[in-house]
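Colleague: Predicted model follows, preceded by the sequence.
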Amino acid sequence: MLDVNGIRQDFPILRTGVIYMDSAASSLTPEPVLDKMMEFYHQYRANVDRGIHQLSQRASEEYERAHRKVAQLLNAGSEQEIIMTRNTTEGLNIVANGLKWKRENKIVTTLMDHHSNFIIWQRVRQRHGVKLEVVKPSEQGLFDLGDFERAIDDSTRVVAVPHVSNALGAIVPVREITRLAASRGALTVIDAAQSVPHMKVDVREIGCDFLAFSGHKMCGPTGSGALYIKGTVADEVEPTFIGGGTIQDVSSEDFGLATGWHRFEAGTPAIAEGIGLGRAVGYLLELGLENIRLHEVKLGKTLYEGLGKIRKVKVYGPEDMGSRVALTSFNVGELNPHDVALALDVSRKIMIRSGHHCTLPTMKEVIHANGTARASLYVYNTREEVETFLSTVEEIARSLT
């Protein structure tokens, strides 16, 4: 059970009366994470893996510890399978640009993907002439595994799917999809930006080859994230950038790249951000991912069902909370979703997202809407906030009559 009132003390911005329901876009950052980042700047501000002096040694230890914390969070084989990135997008691009492609290869992805896990594979098709097959979910965002079984064949090189839809909140059966891909010798790439912050994610249980997520959606700083690369496939990915820190040896004629995460982290990294991400992971582990999930299931159910009861409000995504996270997209009558978001902000300081959420194919071919308003909850949200949100949406809907 989460002590939500205690948790809220770690987020001073909430004391201003703001009701923050936009964590799917970017979560708030708690004081312990900010303190850890400032600890770096105040106590051991130096480059990592560059010096023998005590400041560099301490910075290197803390940065390596952050890799270990992420590995612990994901149940990875070791910290060498964790590459620090700026965000999910960078991690996915490292994979797409680093794999070797042949014209006869095929990529399978979905209509429910965020642009970051969709257009990069479209670009691979444009550059290398590979085939791209797109699997479509139901209107609620649920997949028929038979569609994947038919799409994934012996020519499939990569199957790229989201773990959770950022537009519909639907949880994708990634473990089953990964098994289908593995049976055909295909690699699996998971966009876990919306799952890692909210539930236990075990890469070994899922069996995926690659998994990327962002720190700024899980109490970490902006400009932080991580990419998991299974150790057995690391050599199949050519690093996007090479340089200082990525090499094992260099001669006047040749060079050899390092192994593990050093191979992919060229130049001076975002040290404070990486250390901050490690502390954010620790913060969530201390709260307990199971506790976070239980808290969000309860609030998410109230959110989804409450919106569904309001006249003239249309909600999207699965009805079963076991198949979704605490994120609900909705529309109010014929109102532009941006107007709905603005009215919530102006009237009650409620912050939500509006628009297409970087999922235009989902909007056009699944939801059949030009955009939606979206409320997304996290560890610091309360039932009282959800009730305030629902009553305000109801007032907006009543104004249409």
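Modeller: Nice, I can see it. Residues are numbered from 1 along each chain as shown.

Colleague: Chain neighbours aside, what residue packs nearest to residue 79?
Modeller: residue 67 (3.9 Å; C-beta to C-beta, 6 or more residues apart in numbering). Heads up, the C-betas are built off the backbone N, CA and C, glycines and all.

Colleague: ok, and that neighbour, which helix or strand is that part of?
Modeller: helix 54-74 (DSSP states H and E).

Colleague: so for whichever helix or strand comes after that helix, what's the average pLDDT?
Modeller: Counting by DSSP H and E, the element after helix 54-74 in chain order, helix or strand, is strand 82-85. For strand 82-85, mean pLDDT rounds to 97.

Colleague: Might one say that residue 282 is in contact with residue 68?
Modeller: No. Residue 282 lies out of contact with residue 68 (C-beta atoms under 8 Å); the separation is 10.5 Å.

Colleague: Who has more neighbours out of those two?
Modeller: Neighbour tally, residue 282 and residue 68, criterion other C-beta atoms under 10 Å: the higher count belongs to residue 282, 19 against 15.

Colleague: Quick one: list the elements packing against the helix holding residue 67.
Modeller: Applying 3 or more C-beta pairs under 8 Å, 6 or more residues apart in numbering; DSSP states H and E, one finds that helix 54-74 makes contact with helix 31-43, strand 82-85, helix 271-287.

Colleague: how about the strands in the stretch 251-400 of the chain?
Modeller: 255-257, 313-315, 327-332, 350-351, 353-355, 372-376 (DSSP state E, counting those that start in this stretch).

Colleague: hmm, who's touching the longest one?
Modeller: If you take C-beta atoms under 8 Å, 6 or more residues apart in numbering as the criterion, strand 327-332 is touched by 24, 164, 166-169, 194, 300, 303-304, 307, 312-317, 337, 340, 357, 367, 369, 372-377, 393, 396-397, 400.

Colleague: helices or strands next to the least confident helix or strand in the chain by mean pLDDT in the packing?
Modeller: Within the chain, confidence by mean pLDDT, DSSP states H and E is lowest for strand 247-250 among all helices and strands, at a mean of 86. Other elements packing on strand 247-250 under the criterion 3+ C-beta pairs under 8 Å, 6+ apart are strand 255-257.

Colleague: Emit the ChimeraX select command for whichever of the contacts of strand 327-332 are buried.
Modeller: Of the contacts of strand 327-332, the buried ones go into a single ChimeraX selection, burial set by 16 or more other C-beta atoms under 10 Å:
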select :24,164,166,167,168,169,194,300,303,304,307,312,313,315,316,317,337,340,357,367,369,372,373,374,375,376,377,393,396,397
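
Colleague: before we move on, back to that, save the strands of the stretch 251-400 of the chain as TSV, and put in mean pLDDT too.
Modeller: Output for those, formatted as TSV (pLDDT from 0 to 100):
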stretch	mean pLDDT
strand 255-257	89
strand 313-315	97
strand 327-332	97
strand 350-351	98
strand 353-355	95
strand 372-376	98
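
Colleague: Could you point out which of these sits nearest residue 148?
Modeller: strand 327-332 (23.3 Å; C-beta to C-beta).

Colleague: Paired strands for the closest one, with orientation please.
Modeller: Partners of strand 327-332 in the sheet, by DSSP bridges, are strand 313-315 (antiparallel), strand 372-376 (antiparallel).

Colleague: residue contacts, residue 65?
Modeller: Counting by C-beta under 8 Å, 6+ apart, residue 65 has contacts residue 278.

Colleague: how far away is it from residue 71?
Modeller: Distance, residue 65 to residue 71, using C-beta to C-beta, to the nearest Å: 10 Å.

Colleague: How about the residue minimising distance to the centre of the chain: what's its closest non-neighbour residue?
Modeller: In the chain, the centroid-proximal residue (C-alpha atoms, centre = their mean) is residue 193; its distance is 0.6 Å. If the residues on either side of it in the chain are set aside, residue 193 comes closest to residue 88, at 4.3 Å by C-beta to C-beta, 6+ apart.

Colleague: What number of residues are in the vicinity of the one you found?
Modeller: By the criterion of other C-beta under 10 Å, residue 88 has 27 neighbours.

Colleague: Just confirm it contacts residue 214, I think it does.
Modeller: Yes. Counting by C-beta under 8 Å, residue 214 is a contact partner of residue 88 at 4.6 Å.

Colleague: quick revisit: quick one, what contacts the residue nearest to the centre of the chain?
Modeller: Counting by C-beta under 8 Å, 6+ apart, residue 193 touches 88, 114, 116, 162, 166, 212-214, 217.

Colleague: with the residues you listed in mind, which one is nearest to residue 29?
Modeller: In terms of C-beta to C-beta, no member of these lies closer to residue 29 than residue 217, at 10.8 Å.

Colleague: and that closest one, how many neighbours does it have?
Modeller: Per other C-beta under 10 Å, the neighbour tally for residue 217 reads 27.

Colleague: Only C-alpha atoms, please: export stretch 378-398 in CSV.
Modeller: Output in CSV follows, covering the C-alpha atoms of stretch 378-398 (Å, rounded to 0.1, in the frame of the first residue of the first chain):
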residue,chain,number,x,y,z
TYR,A,378,0.8,8.2,-11.2
VAL,A,379,2.0,7.5,-7.7
TYR,A,380,1.2,11.1,-6.4
ASN,A,381,-2.4,11.2,-7.6
THR,A,382,-5.3,10.8,-5.2
ARG,A,383,-8.9,9.7,-5.4
GLU,A,384,-9.9,13.2,-4.4
GLU,A,385,-8.1,14.6,-7.4
VAL,A,386,-9.8,12.1,-9.7
GLU,A,387,-13.2,13.1,-8.4
THR,A,388,-12.4,16.8,-8.9
PHE,A,389,-11.3,16.0,-12.4
LEU,A,390,-14.5,14.1,-13.1
SER,A,391,-16.8,16.8,-11.7
THR,A,392,-15.0,19.4,-13.8
VAL,A,393,-15.4,17.3,-17.0
GLU,A,394,-19.0,16.9,-16.2
GLU,A,395,-19.4,20.7,-15.9
ILE,A,396,-17.8,21.1,-19.3
ALA,A,397,-20.1,18.4,-20.8
ARG,A,398,-23.2,20.1,-19.3
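
Colleague: And for the least confident helix or strand of the chain, what's in contact with it?
Modeller: Contacts of strand 247-250 (C-beta under 8 Å, 6+ apart): 255-259.

Colleague: For stretch 79-96, buried residues please.
Modeller: Across stretch 79-96, burial judged by 16+ other C-beta under 10 Å covers 79-96.

Colleague: Done for today, thanks.
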